[in-house]
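K.L.:
show me how the following folds:
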Amino acid sequence: MVPPPPVPPPWDEDEDLLGDELLDEQEEDWVEVGEDGAPGFRGALFSSQAAHYAAYRPLYPPHIYQRIYDFAAVALGRQPGQSSQELAIDVGCGPGNVAVELAKRYAQVIGIDSSQAQLDHAFKRPNVRYIHTAAEYLGSILPPQSVDLVAIAETLHWIDHRKFYEQVRQILKPTGVLTIWCYDLCEFRSMGEHQTAAGLNQANGLMRAFTYGTMGPFWDDRRQYIDKKYVGLEPTHDQFGVIERDNNEMEHIMSMDRYMGFLSSWSPYAAYRTTFPHKEDPLIELRAQFKQLLAVTDDVAPSLRVVWPVFFLLARQPIPW
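P.N.:
Residues are numbered from 1 along each chain as shown. Sure, this is the predicted structure:
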């Protein structure tokens, strides 16, 4: 087994918290992926785009968190909205968007990520700590049966899910829950009569062509699990007594600038730009086509209605191992 990187004790009161504000955006170099198969080796995929990731990734709306909190409450036999709220873990936390949201509900939150560059851009909160380590090492940094909630968003497909589930079963309280969710490819929906059905359909087709065509060769092969909604990665009933699937969606009204910033945060985009440094940025032409199809005249105005499908895997009643 590859040993985990050294980590500070999770409750070290002298540990410096990370900055509350995002670092200034800067040009970031592509970071090579680590040793194949080692826990956390795909963290480098998100190191190259850390500043863009922090600035442009969409936030989850309240109803996404409420679904998680309601599921957690049932584990304790309480009414929806009521649950044990001592300690939550945000796995693959990136810049800490989920961690700081959980910190509004839980007394303590620990965000972990295998990319130090992501943690360097994380938000500061008094009751949030960040630890640089891989998801497969949770049991080495947390006591058995000490955690109320393990949340893992947009991350399960990047890790060894079998080892991860073993660690989760070790650290969760008997009433603790595991909540997994991920958003899939977004689509444009109408913002008004100025956007035609034909234009929306063409723009959504263009988005699919960019995702699976232009960017296709540069995705890590595990990206396929998002398209499959994590089929094949689910926890099993010999690991958890209750497992549920659910589907939802989230919506954001965005400017063209912000939407293109979101695309620039993609790991395959960084790989493409490094592979073809002398080619024109593919986002330039894509922006021009989107503007024409969606009747956008002001790049900084909120002019796009963007919807992402969100799917959940939820598990409770961890079975001891």
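K.L.:
Gly192: neighbouring residues, count only.
P.N.:
Look at Gly192: counted by other CB atoms under 10 Å, it has 8 neighbours. (Glycine included, C-beta is placed from N, CA and C.)
K.L.:
Ile243 versus that one, what's the distance?
P.N.:
Going from Gly192 to Ile243 by CB to CB, to the nearest Å gives 42 Å.
K.L.:
again, but for Thr275
P.N.:
Thr275 is 40 Å from Ile243, where distance means CB to CB.
K.L.:
and Val100, by the same measure?
P.N.:
Distance, Val100 to Ile243, by CB to CB: 28 Å.
K.L.:
now His237
P.N.:
To Ile243, His237 is 7 Å away according to CB to CB.
K.L.:
show me which of the two is the more surrounded one.
P.N.:
A side-by-side neighbour count of His237 and Ile243, using other CB under 10 Å, places Ile243 first with 16 against 12.
K.L.:
for Thr179, what are its contacts?
P.N.:
Applying CB atoms under 8 Å, 6 or more residues apart in numbering to Thr179 gives the contacts 68, 71-72, 149-152, 312-315.
K.L.:
kindly recompute the last result at 10 Å.
P.N.:
If you count contacts by CB atoms under 10 Å, 6 or more residues apart in numbering, Thr179 has them with 64-65, 67-69, 71-72, 88, 149-153, 312-316.
K.L.:
and it, helix, strand or coil?
P.N.:
Recorded secondary structure, Thr179: strand (DSSP: H, G, I helix; E, B strand; the rest coil).
K.L.:
then Arg208?
P.N.:
The three-state label given to Arg208 by three-state DSSP is helix.
K.L.:
ok, how many other residues are close to it?
P.N.:
Neighbours of Arg208 under the rule other CB under 10 Å: 11.
K.L.:
please name the nearest non-neighbouring residue to it.
P.N.:
Sequence neighbours aside, Leu185 is the residue nearest to Arg208 in space, at 6.9 Å (criterion: CB to CB, 6 or more residues apart in numbering).
K.L.:
go ahead and confirm the one you found touches Met207.
P.N.:
Yes: with contacts defined as CB atoms under 10 Å, Leu185 counts as touching Met207 at a distance of 7.1 Å.
K.L.:
and for Ala197, the neighbour number?
P.N.:
Residues contacting Ala197 under the criterion other CB under 10 Å number 8.
K.L.:
how far away is it from Phe188?
P.N.:
Between Ala197 and Phe188 the computed distance is 11 Å (CB to CB).
K.L.:
same deal with Phe71?
P.N.:
Counting by CB to CB, the gap from Phe71 to Phe188 is 31 Å.
K.L.:
shared neighbours, His237 and Ile243?
P.N.:
With contacts taken as CB under 10 Å, 6+ apart, the residues that reach both His237 and Ile243 are 315, 317.
K.L.:
please name the residues that touch Val296.
P.N.:
With CB under 10 Å, 6+ apart, Val296 has these contacts: 191, 194-195, 255-256, 259, 287, 290, 303-304.
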